[in-house]
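**Q** Got a predicted structure here, sequence first:
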Amino acid sequence: MTKRRAFTLIELLVVISIIALLVSILMPALSKARLTAKMTVCKSNQRQLVMGLNLYASENSDRLPESPSRRLGRIGDYHRPYELAWFENTMGFIYENFSSANAPQQIPNAAGLTLGKYLPEVGVYNCTLAPIDNNDPWPPRGSKYPPATNPDGSTLQYGKAYRDANYSSLHSTYTLLWNYQGYNQKVSRNIPQNWNWFDFEGPKNTASKNKLVVQDSFFYLNTHPNVVWPETYSWYSSHPYDNSSKNTPYFTSKANEPSPTEDDIDRPVVNLNAGYIDGSVRQFDTDGKNTVKCRNWGAIGYLTREFK
């Protein structure tokens, strides 16, 4: 009878070492493939958003919706371009006459009101790498603000706040640029005329010279934290980059200096997507030769140079 030979300990260790080596080789490739797949879904989100803008324009004499970051009733006053709904400087529900029923009043330029019938799902306003879930409580967990409540006492959910268009401020992890004039030095109240910043005018209609309407967010925050921006003097991005950490929903890192220099020596280089009103979505990176610096309300935003 032939005796079956078992593996020796050394042979088992060799096999395990080979498997571990193969895994170490494959893991970076798999991680890169996952990132590439999510970048593709991000592009799809932006295309859907652009399609919704074009559907709106087709029913409104080719005009694009009002910027959801504009402060109503104040000419030239724009908040930062990351809001789906913003009302003056008020945080929370906007109530009509403070009636006993507490019926919420809709914010007229909220994205959910202008674009909701074309884009019913709020997910298209958020990168898949920096998502805010439809059912998340709003403001989100970890925010300096507690979750809001509906008039019936239930916790406000992000998707419902978008659909009802009645909560300020409601955030987006994309930079929303249609009709946004907060980077336009000719009209913006938030840019002193002696500041030497890049002048970007958000497109007002489908025939506008500037075609850039949405891009992944990348900005430097100095002293004004937001509902989802807890870290000051930090870089924020929709996409991951070297030495970044996930600070939901963004990827962030502390800056090496209190304010970026003209050369932005420590600026991270990140691959991002940008969407245009003609339906195209282009990839770019945040290297200085590919971006321009704009400023509004304590946050320095970086836009792709290809905005036409």
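**A** Nice, I can see it.
**Q** Show the low-confidence segments of the stretch 151-300 of the chain, by residue range.
**A** Across the stretch 151-300 of the chain, the ranges flagged by pLDDT under 70 are 191-196, 257-263.
**Q** any chance you could map the helices in it?
**A** 158-164 (DSSP state H, counting those that start in this stretch).
**Q** what about the strands in it?
**A** Taking DSSP state E, counting those that start in this stretch, the strands of the stretch 151-300 of the chain run over residues 167-168, 170-171, 174-176, 212-216, 218-221, 234-237, 245-247, 250-254, 271-276, 281-285, 291-296, 299-304.
**Q** and the ones you listed as JSON lines, adding mean neighbour count and distance to residue 87?
**A** C-beta: built from backbone N, CA, C; applies to glycine. Below are the strands of the stretch 151-300 of the chain laid out as JSON lines (neighbours: other CB atoms under 10 Å; distance: least, CB to CB, whole Å):
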{"stretch": "strand 167-168", "mean neighbour count": "25", "distance to residue 87": "4"}
{"stretch": "strand 170-171", "mean neighbour count": "26", "distance to residue 87": "10"}
{"stretch": "strand 174-176", "mean neighbour count": "26", "distance to residue 87": "16"}
{"stretch": "strand 212-216", "mean neighbour count": "27", "distance to residue 87": "22"}
{"stretch": "strand 218-221", "mean neighbour count": "23", "distance to residue 87": "22"}
{"stretch": "strand 234-237", "mean neighbour count": "24", "distance to residue 87": "23"}
{"stretch": "strand 245-247", "mean neighbour count": "13", "distance to residue 87": "26"}
{"stretch": "strand 250-254", "mean neighbour count": "20", "distance to residue 87": "24"}
{"stretch": "strand 271-276", "mean neighbour count": "23", "distance to residue 87": "26"}
{"stretch": "strand 281-285", "mean neighbour count": "16", "distance to residue 87": "30"}
{"stretch": "strand 291-296", "mean neighbour count": "21", "distance to residue 87": "17"}
{"stretch": "strand 299-304", "mean neighbour count": "22", "distance to residue 87": "19"}
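**Q** Could you export those as a markdown table, including distance to residue 205?
**A** Formatted as a markdown table, the strands of the stretch 151-300 of the chain follow (distance: least, CB to CB, whole Å):
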| stretch | distance to residue 205 |
| --- | --- |
| strand 167-168 | 26 |
| strand 170-171 | 25 |
| strand 174-176 | 16 |
| strand 212-216 | 11 |
| strand 218-221 | 26 |
| strand 234-237 | 30 |
| strand 245-247 | 37 |
| strand 250-254 | 31 |
| strand 271-276 | 14 |
| strand 281-285 | 20 |
| strand 291-296 | 21 |
| strand 299-304 | 19 |
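**Q** Ok, which of the ones you listed comes nearest residue 76?
**A** Taking CB to CB, strand 291-296 is the member of the strands of the stretch 151-300 of the chain nearest to residue 76, at 11.4 Å.
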